[in-house]
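Asks: Okay, sequence plus prediction incoming.
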Amino acid sequence: MESSESPAAAAVRTRTIARLIRERAMSSPNQVALRHKDLGIWRETTWSRYWEQVLLAAHGLLSLGVDTGDRVSIHSEDRPEWVILDVATVAVRGITVGLYPTNPAAEVRYLLSDSGSRVHLAEDQEQADKLMEVIDALPDLERVIHVEPRGFRTYRNDPRFVFWDEFLEMGRSHRAENPGAVEERMREADPDDVMTLVYTSGTTGPPKGAMLDNANAEYCFDELINADSRMPDNIGPNPSDEILTYLPLCHVAERIFSTWTSAVTGTTLNFAESIETVQENLREVQPTLFFAVPRIWEKLHASVILKSRDATRFKRLLMSLCSALARVIGRQRANNGGRHTLRSGILFMIGYPLVFRALRERIGLRRCRWAATGAAPIAPEVIEFFHGLGVNLYELYGMTENAGFATNNFYGRMKLGTVGEPYPGIGFRIDPETGEIQTRHPGVFRGYWNKPEETAEAFTPDGWLRTGDVGEWVDGTHVKIVDRIKHIIITSGGKNVSPSEIENSLKTSPFVKEAMVIGDRRNYLTALVGIEFDTVGDWATRRNIPYTTYRDLGEKPEVLELIQGVITRTNSRFSRVENIRKFRMLPKELDHEDGELTATQKLKRESMEEMFEELIIDMYSSRS
Amino acid sequence: MEILAQAEYSQLAGTIVSGLSLGTIYALLAMGFVIIFKATQVVNFAHGALATLGAFITAGVAVELNFPGRFLDLPPLLGWSISVVTALVLSALMGILLERVFLRPMVGEDLFSVAIVTLGMNVILMTIVTDYIGPDPRSMADPWGDASVDLGFVIIAHTEIAQFLVAAALVVLVGVFFRSRTGIAMRATAFDQEAARAQGVNVGAIFAIAWAIGAVLATVGGIFGSVYPRRIGVFPDTAFLVFRAFPAIILGGLDSVKGAVVGGLSVGLAEAAAGSYLNHPLFGTGFSGIVPYLVMMIVLFIRPYGIFGTAEVRRV
Amino acid sequence: MKTRFKWLAMIMALSLIAAACGGDDEAEAPATTAAPVTTAAPATTAAPGTTAAPEEATEEATGETMAEEEPMMIATDKGVDLEAGVIKVGMLSDLTGPFGPAVNLLVAGVNTFWADVNARGGVHGLMVELLYRDTAYSVDNHVQFFEELRDEVVAFGHSTGSPHTIAILPELAEDGILAIPLTWYSGWSDPDLNANLLSHGTSYCIEAMNMIGYLSDVSGENGVADPTLAIATFPGDYGLDSAAGAKIAAETLGLEIVYDGSGQIIPSQDNAPIGNAIAQSGADIVWVAANPTTLAEVYGAALAQGLVALWSGTVANWSPAFVAPDSPIKDAMTRDFYGASYFPPYTDDSPGMQNLRDLMAQYAPEVPPIDYVIEGFVEGMILFEALKVAYENGDMTQRGVLAAAKSMEEVDFGGIAPNESYVGSPNERLQRQTWINRPDPEGLAAGTTAIGTRVIESYYTHPIAADYYFEEACYKLS
Amino acid sequence: MRSRPHLHTSYSADQALMPTATKKVALATFLILAALAPIASSIPFYPDFLGNNDWMKLLSHVAIFGIGALGINLLTGVAGQVSLGHAFFMGLGAYVGVVFGAPSGDLWGWGLPMWIWLPMAGIIPAAIGLLVGPAAVRVRGLYLAFATLGLVFIGEWAWRNLKFITGGSFAGRRFPEFQLRMWKEEEPLVDFASDGVWLGFEISEEAKVYLLMLGLLVVATVLAKNLQRTRAGRAFQAIRDRDIAAEIMGVNEFKYKLMAFGISSAYAGVAGALFASFVGRQIPETWDLFLSVEFIAIILIGGAGTVSGALMGSAFVILLPRLVQDFTEWLSNVIADGEGLLASVADAVISVSPDDFGVVNILPGAGPGLSVFQLNQVLFGLLVILFMIFEPLGLYGIWLRIRNYWKGWPFTY
C-alpha cells in the first residue's frame, strides 16, 4: 500500500503517529502493542488490533463530524482508549487536548472552553460529574464519550453521551458506508497540522495550550526518540522493549516517552492501573525503559531504605553493607560518565548476586536498561544510588514548548548534577545576562493556542524560545539548571539563592515529602516542610509515639526534632546565606485540587505563600 | 409363667442398675471434659489419661504408700476416704500443672491445634502410667470389696451404691460451684475471655481451677471405673472409658454441664439396655458399644448442637 | 502413631507361661546348664553330620584333610559376622502396645538367657546380639520393622501376634528366614504355615479341650452329671481358637452350651452384659479366653448377679491381682477359678527351673519372680539349639539356620517346658499337656507363689486332647 | 512473559500450578531424585540408605498416607469440615478393594485386576460419602468432628461382624498384591510384588511398590492441586472461611460440602486400599479412631489447607518415630562407648545396666524407669506438642517462613 504511492507523494507526506501505527500493524500485526490490567490480568492488544481500534475510533470521530483542526479532549487516566482516541484524532487531522485526571471542575471548564473542544472523552462517572457541573458553559462541546459504563445511569437519556463501544460501533458503520475515508484524511495530513495542545501546568497564571504540530513531532521522532546514542550500547528503543505508562499522558514527557516512542520504535506499552499501584505494576512488568519524575525516584529510593529497616538483623546488615557498596559504585560511575570503572565493576559483581539483583527485582527495575528523570529537579544522591544498583538513570531536560528537546545526559558522558549536553545540532544558548536557557530548533512549538501575546512573550526578539529556566555551563559541555527565573530568591542581603536546590536536598530524606524555601527579599531563609505521612507515621509507631492525623503527627515534638535534623544536615551542605534558619510544618498534605500544587505536583508558590501566610509571618516575626 | 416374668423383671432391674452405674461414670468423665472445654476451649483428648493417672495415684496413695494407714489405725472407710482425698488433691495439682505447661502457650490457637497438643499429652501420660502400672491391675483397696445387697429382684454392689451417692454429691457440688463467685467468673470466662478479663477476672486462675475440677472429676470417674464389679483395679484400659463417654458429651451438648449429666446417664442406660436386650445374632458382636454413637448421631441430626448445647451464633 | 494410642486393643495369647512335660525319661539331661541337649535328625541336611558333641564331631566329619587348628568353614550371609564374633537376632516385640507390660517381663527372661549364654562363651564363641523392635502390636509396624531387620539378622527370636506373623510369612519364605511365633495358635501345626516358624507349647485349642474335659470330670464328682457350658472369649485367633477347642470338647462330651459368647468380649467396650448373660444362662462351667481386666469385668458382673459356677480360662486371663490381699474377688475367685497353663510355674522344683531362678537373680534381680520369664527362656533355648546345630552344620546363613532348626528332633528344656520336636508329622509333634492351677491367696501372701496359683495337675492330658487328630487349625485365619 | 513471573496475561497463567521456571525445575529435580531412590547405591552423592528395602517401605508408607492426607486436607483443611471419619472411609476402601481384588477363597473375593479394584476402592467410598454427607452438612464444627467419630465406631463394629469380608476381629485377611493384569491371567503384565530387573537395574519388590506409590501420589497431588484452583476449590475455601457469606454470594453450601465429602472419601478409600495391600494383611482394628486422629495430626502438623503441608505432614508423622529410634540407638551407643561429656550427661539419665540408675532404661524388658521404646513414645508426644506450640501453622508455616525469607530478599516483606 505504502509502496504503491509515488515517491513524490511520500516526500510531501508527513509521518504522523497514525501513519506510524498503521505501518506497525502491517509489518508486525501479531506483536503485542499494548497491555493493560483488567481484573488482575494483563490483557494484550496486538498492533493490528490496535490499528483496527484506532481506525474505528477515527471513523467514529468522522461520523461525529470532527473536521480538520477540531479539538478532541481527553479526560482520563492512562489507558488504551486514551492512546487510541489520541491517534484517531491525529488520523482525522484533529487536535488532541489532554486533561489531567486530577483537574477539578473549574479547570475542566477553563481547558475545554479555552480549547473549544467539540468531542470530549470523560473516562468515568467522576470525570463526567466534573464535566456536568460546567457543561452549560461549554457551547462548543457536542459529544461526550465515556469508557466506563458504570454510573452513567443518570446520563443515559442525555443524547450527548455515548459509550465507548457504541462509539466504535458508530465508527464501524461509518466505515462500512465510507470505506477509506480515514485513509483519505490521513493522506491529506500536513506537517503544519497542529496535532495536539499540551497545556502547561501553569505554576503562574492560567494554563496555556502549547501547540505542537506534526513537524514538531516528526523532528522529535527522528532526533530524540531514535537517537540511539543516548542509550547504553547505542541500542535505541526497539520492539523487544517494554515501557510502563503511568504518568499523565496529557503531559508532553509521557506522550513522547509512551505513545510516540511506541509508535516510532514498536516498543510495547504497559498501562499501569493507577499512579498508586505503580510500584506493584513495575514489579509485574519489569520495564526495560523507564522514565519517571523525581518524585517517583525519591519514592523508590525511600521504600528501599524503609523496607531494609524492617528487615531481620542479618538482612539489615547485608543491606547496609550493600548500600555502602552501591554508594561507592554510584560515585565511581558518576565520576566516569556513567560507565563502570574497573573497581566499580568488580564491586558490582559482588553486590549484584547478593542484593542488587533481588532489590531491582523488588522495585521492578531488574530488566531496566535505560532510565531517565526529568520534568523537575532531582537530588544527585538519588541518581548516584540507582547507578550503584546498576540502573542507568540519566537526567534530561526539556519542556513542552520545545517538544522535550533540549539537553540530555548521553550514555557514557553523563555528569552528575547537570541535565546533560544539548542535543547535537540544535540551537541552544544561555543568555549571558539573565542566565536563561534559550533554544531554537524544528521541535519548538508553534505558539500558545489563542494567546498571541503570551506566544510573543515566549520568544526572544531573534526567535529563540525562552525556557524560563536559569542555567549555567559546567565544564563547557554540560548544562546545570539553577532554577526557574521566577523562583530565584534574592535575599535582602542581595544574594541570589536557588530554592529548588535546597528543597531537593531536603527531599532526599525519606521523611520529607514537600519543602518550600522562602526568603525573597527577606533577611534569612525559612522553609515550609510537609512530612511523608507513611514513613514518619511508621517511624513514630516504632517509637511508640501516638498520633492521630497528619497535622497531629507533624506537630509532635519528636517529629519536629526529626525534621530539624534533616534541615541541619542540609544546611551543612550549603553556604551560610543558603541556610534555613526556621521552618514550619505544613498542616495538611498538599493537593492539586486545593490549588497548592499543579497537576504535575509542582508547588504553586504564589498560592502557597498566600495560603500559609500566617506561618510565614510567624517565622519572620517571632523570636524563636 | 410367673417365674419367667420374675426373671424378666429382674433382668430389667439389673439392666437399669448397671446402666445407671455405667452412666454415672460417663457423667463424671463428661462433666470434667465439659468444664474444661467450657472454661478453656480445650478439647481434652488426654482426659482418659487423666482418669487413669488419677486412679493410679489413688491406688498408689492407698496401697503403695498406705496413707494414712501407715500412721493411723482408722476405720477402713474413713482411712480410705482420706487416701482418696489426698489423691484427688494430687490429681488436681497434676491437672493444673499440665494446663500451665502445655496448654497455656496455646491460648488463642486454633481449637484443633490445641486438641493435637492434648493428644501428645495423652501419649506421654499413658506411656508413663502404663510403665508404672506394670502387667497387673493395681488394686484400689476400696473398703467395700465384693459386698452387695440383694433387694430380691436385683442385686446391687456396695460400690455401686457408693458411686451413685458420690456422683450425686459431686453433681450438686458442681452446681453450687457454678453459683459461687468463682463459678460465675468461670461462666463469664467461658462466655467471653476478653470481657471477663476486662471485668477483673483472673482468667489464668480460672483455667487452673477448671483443670483442677476436670482432673478431680476424671479421677473419681477413673476410680469407680476401676473397682468391683467393673474391675479389680486400675489398668491402662481405664482410659478407654473416656472414648465411650464422648457420645454422652455430644448428646448433652459440648458446653453444657447439665447436658453431660443427662447425656451420661442416658448413654449408660442405652448401652446397658442394648447389652441386655439387643443380643440377637443379627446385631453381631459388640453392638451395645455403638448404640451410644447411634443415639448421638440421631440426636445430632435433630439438634445439631446437642440437647443442651448452645447453638453457635453464625455470623457473616 | 496410631498404635501408640491403642491401649486397649488387647487380644493375643497372653498365655505367656506354660509348660509341658518332656522331662520324664530324659533324666540324663545336664542339670547344670540351662542349655538343653539336642540331637539333630541326620537326614535333613547335607552339611557335615552333627552329634551332641560338636567339637569332636567336626573333626571326625572333616577327617584328616583339615588341620586341627584350622577353623571350620562356616557359610554365612546375613546377621552373622564370624570375624567380629557376633550373631544378630531380630526381636519383633510388642513392647509398648497392649501386651507391653507382659512382653517386657518376658523379654527380661530372654535377655537373661542370652546374657548367660554369652557369658559362657556364646554359640561356639559367637556372641548373640538381640535387635529389638517395638511393634506396639500393629500389623503395619510389624511388617515395617521386619523389613528393617530382614537383612540384618540371621533369624527372628520372636514375633508377637498371629496375624502379624502371618503377614510376614511370604517374606520369611522368600528369604528362608526362621521366626519363632510368640503365640499359641493351633494353626501353626499346619504345614502350610509353619515352614518358617518354630512354634512351641500347647495350642489355645488343645488347652481348652483339656480344661473343659477336666472340669466336666470335676462336675461329675460334685454330683452334676450333665454340666452346662458358657463360653466367652475375645475375637481373633486366641479367643476363637480356644473357643473352638472348648466347643470340640463340649461336643465330644455332650455338654450343652447355654451361652456362646465366642468373640464377644471386646476390651474397649462394656463387657458387663456378657457377665449378666452368663449369670442368666445359669451355666455350670464357664470358659473364658480374654485378659485379666475383661475377665474381672465379666466375672464381676456374673458374680454380682449371684452366679456360682466353675470358672476357667487360659493363663492369659490370670493376674495375681485377683487374689492379692485387698482384691474384692479374692474369696470368690479362690472358690470358683481353674486356670490352664502350658508350662510349670516359676516355683517348680525341676533343675531347669532352679537354674532359671538363679540366673534371674544374678542378671535381673529387679524383675519380680514371675512366670512370663519362663517363656523368654524357652524361646531362647529353642533358638540357641538351632544356632548351635547350624554352626555345627557349617551353614549359618539364614536358610542354614532354618534348615538346622527344622532338623531338631528333641529339644529338652530341662523341665521348664515340655520337650519339643520339629521333625515328623504334625500329629506326632503336637503338644497336648496342660498344667491345671487353682488360685492360692495364702501362697501369694506368704510369697511361696509368684503368681498366686498352685498346681493341682501336672502334665495333664484329657482323653479328648489325647485323641484329637490335627487336620487343620481349630479356627482358621484366612 | 519470560522472566516476568508476575506478569499474568491470562487467568490460567495466574492460577498456574507451576508459575515459574524455577519452580518447574525444582519440582522436576525433586521428582527425578525421588524416582531414582531405588538405585540410590549406584548414584554418587546420593544417600545410599534410601535405597534399602526398609526405607523404600517407609517412603511408600509416607506416599500412601500422603494420598490419604490429601483427602482429609481437602475436607478439613480446604473446606473446613473437620472429620474424624477418615479411618472409616479408608477401611471401606480397603475392603472394597479386597472384595474386588482378592482371589476367591474362604472369604469373599472376585479376583479382578488392579485397574478395577483400585478405582472401585475410591468410587464406592465416594458414593457412601455422598450418602452420609447430607446428614453431616447439618452439623458444624466440633459437633461434626464427633459425629464423624461415630462413623469410625460403627465401622469398627461392621468390620468386626462382616467376617466374610474382613476376616474378623484380630484375625484379618490377606489383601491383593500390586500386580497389573489385563484380566485374570496367570502372568501379570507388571508385577510389583516380586523382585525383578527394570531397565537393567535390579529392582526389589519394595522398590517397585515404592515407585508405584510415588506415581500414584504424583497423580493424586496433581488432581488435588488442580481441584483447589477450580471453581469448586474456591467454593470450598469460601465455605471454610465464611460459610454464610459464601452462601450469600451464591456458593451452594450444601452441594460443595457434599462434594468435599465425596472427594475426600474417594481419596481415603484409595489410600486405605493401597495401605492394606502394601502391608499385605490388615486386621479390622487398623481402621480405628487413632488412624483418623493421626490424619488430623498430619494435616495440622503439615499445615492445614495446603497440598504440600499434607505431604510434609505425612512424612513427618511416619518418619519421626524412625528418626527418634535412630537417635536413641545412637545415644545408647554413645553411652556404651562411653567417653566425653555427652556420654556422661546421657549416662546420668539413662541406665544401661540393671544396677544403674536413670530415668530411662536402655535395655528392653522390665527394669527401672522407662524402656527405650517408651522413651521413643514420650519423645514423639513431646515433639508433637512442642511443634504445635512453637509452630501452630505447621511445617508449611516453616516452609512459608523460609520461602518468604528468600522471596522478600533483601527485605523481610
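Replies: Noted; the coordinates are in hand. A quick note: this is a predicted structure, and the numbers were derived from the prediction, not measured.

Asks: Give the burial count for the nearest residue to D:L400 once chain neighbours are set aside, as a bare number.
Replies: Distances taken as C-beta to C-beta, 6 or more residues apart in numbering or on different chains place D:L393 nearest to D:L400, at 7.1 Å, with adjacent residues excluded. (Glycine included, C-beta is placed from N, CA and C.) Burial of D:L393 is recorded as 21 neighbouring residues (other C-beta atoms under 10 Å in any protein chain shown).

Asks: how much space between D:L393 and chain A?
Replies: Per C-beta to the nearest C-beta, to the nearest Å, D:L393 is found 18 Å from chain A.

Asks: just checking, that residue touches D:G303?
Replies: Yes - if you go by C-beta atoms under 8 Å, D:L393 and D:G303 touch, sitting 5.6 Å apart.

Asks: so which strand or helix has the residue of the stretch 1-150 of chain D at minimum distance from chain B?
Replies: Per C-beta to the nearest C-beta, D:G150 is where the stretch 1-150 of chain D lies closest to chain B, at 3.7 Å. Using DSSP states H and E, D:G150 sits in helix D:141-161.

Asks: quick one: the helices in the stretch 151-300 of chain A?
Replies: Ranges of helices within the stretch 151-300 of chain A are A:164-177, A:181-187, A:214-220, A:252-254, A:261-265, A:278-285, A:294-310, based on DSSP state H, counting those that start in this stretch.

Asks: any chance of those helices in CSV, plus mean pLDDT and distance to chain D?
Replies: Shown next, in CSV, are the helices of the stretch 151-300 of chain A (pLDDT from 0 to 100; distance: least, C-beta to the nearest C-beta, whole Å):
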stretch, mean pLDDT, distance to chain D
helix A:164-177, 94, 22
helix A:181-187, 91, 30
helix A:214-220, 90, 29
helix A:252-254, 89, 21
helix A:261-265, 92, 17
helix A:278-285, 90, 4
helix A:294-310, 85, 4
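
Asks: Tabulate these in JSON lines, adding columns for mean neighbour count and distance to B:Q193.
Replies: Shown next, in JSON lines, are those (neighbours: other C-beta atoms under 10 Å in any protein chain shown; distance: least, C-beta to C-beta, whole Å):
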{"stretch": "helix A:164-177", "mean neighbour count": "17", "distance to B:Q193": "56"}
{"stretch": "helix A:181-187", "mean neighbour count": "18", "distance to B:Q193": "72"}
{"stretch": "helix A:214-220", "mean neighbour count": "23", "distance to B:Q193": "69"}
{"stretch": "helix A:252-254", "mean neighbour count": "23", "distance to B:Q193": "56"}
{"stretch": "helix A:261-265", "mean neighbour count": "24", "distance to B:Q193": "60"}
{"stretch": "helix A:278-285", "mean neighbour count": "21", "distance to B:Q193": "39"}
{"stretch": "helix A:294-310", "mean neighbour count": "19", "distance to B:Q193": "32"}
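
Asks: can you put those in a markdown table and add distance to A:K480?
Replies: Output for the helices of the stretch 151-300 of chain A, formatted as a markdown table (distance: least, C-beta to C-beta, whole Å):
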| stretch | distance to A:K480 |
| --- | --- |
| helix A:164-177 | 46 |
| helix A:181-187 | 43 |
| helix A:214-220 | 24 |
| helix A:252-254 | 20 |
| helix A:261-265 | 27 |
| helix A:278-285 | 29 |
| helix A:294-310 | 15 |
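
Asks: Out of the ones you listed, which is closest to C:Q362?
Replies: helix A:294-310 (68.8 Å; C-beta to C-beta).

Asks: Show me which residues of the next helix or strand after the closest one are buried.
Replies: Counting by DSSP H and E, the next helix or strand C-terminal to helix A:294-310 is helix A:313-335. By 16 or more other C-beta atoms under 10 Å in any protein chain shown, the buried positions in helix A:313-335 come out as A:315-316, A:318-319, A:322-323, A:325-326, A:328-334.

Asks: Check those one by one and keep those near chain D.
Replies: Counting by C-beta under 8 Å from any C-beta of the partner chain, A:K315, A:L318, A:M319, A:C322 from the buried residues of helix A:313-335 sit close to chain D.

Asks: C:S458: what secondary structure?
Replies: At C:S458 the chain is in strand, as set by DSSP: H, G, I helix; E, B strand; the rest coil.

Asks: Equivalent analysis for C:P170, please.
Replies: C:P170 is classified as helix under three-state DSSP.

Asks: Need the contact partners of the top strand by length along chain A.
Replies: In chain A, with assignment by DSSP state E, the single longest strand is strand A:465-474. When contacts are defined by C-beta atoms under 8 Å, 6 or more residues apart in numbering or on different chains, strand A:465-474 is touched by residues A:397, A:399, A:401-402, A:406, A:415, A:417-419, A:430, A:434-440, A:444-445, A:457-460, A:479-486, A:488, A:498.

Asks: And that strand, what's buried?
Replies: Judged by neighbour count (16+ other C-beta under 10 Å), strand A:465-474 contains these buried residues: A:L465, A:R466, A:T467, A:G468, A:D469, A:V470, A:G471, A:V474.

Asks: If we ignore the residues flanking it in sequence, what's nearest the closest residue to chain D within the stretch 201-350 of chain C?
Replies: Nearest residue of the stretch 201-350 of chain C to chain D (C-beta to the nearest C-beta) works out as C:G236 at 2.6 Å. Closest residue in space to C:G236, ignoring its immediate chain neighbours: D:F170 at 2.6 Å, by C-beta to C-beta, 6+ apart.

Asks: likewise B:D150?
Replies: Of all residues not flanking B:D150 in the chain, C:G306 sits nearest, at 7.5 Å (C-beta to C-beta, 6+ apart).
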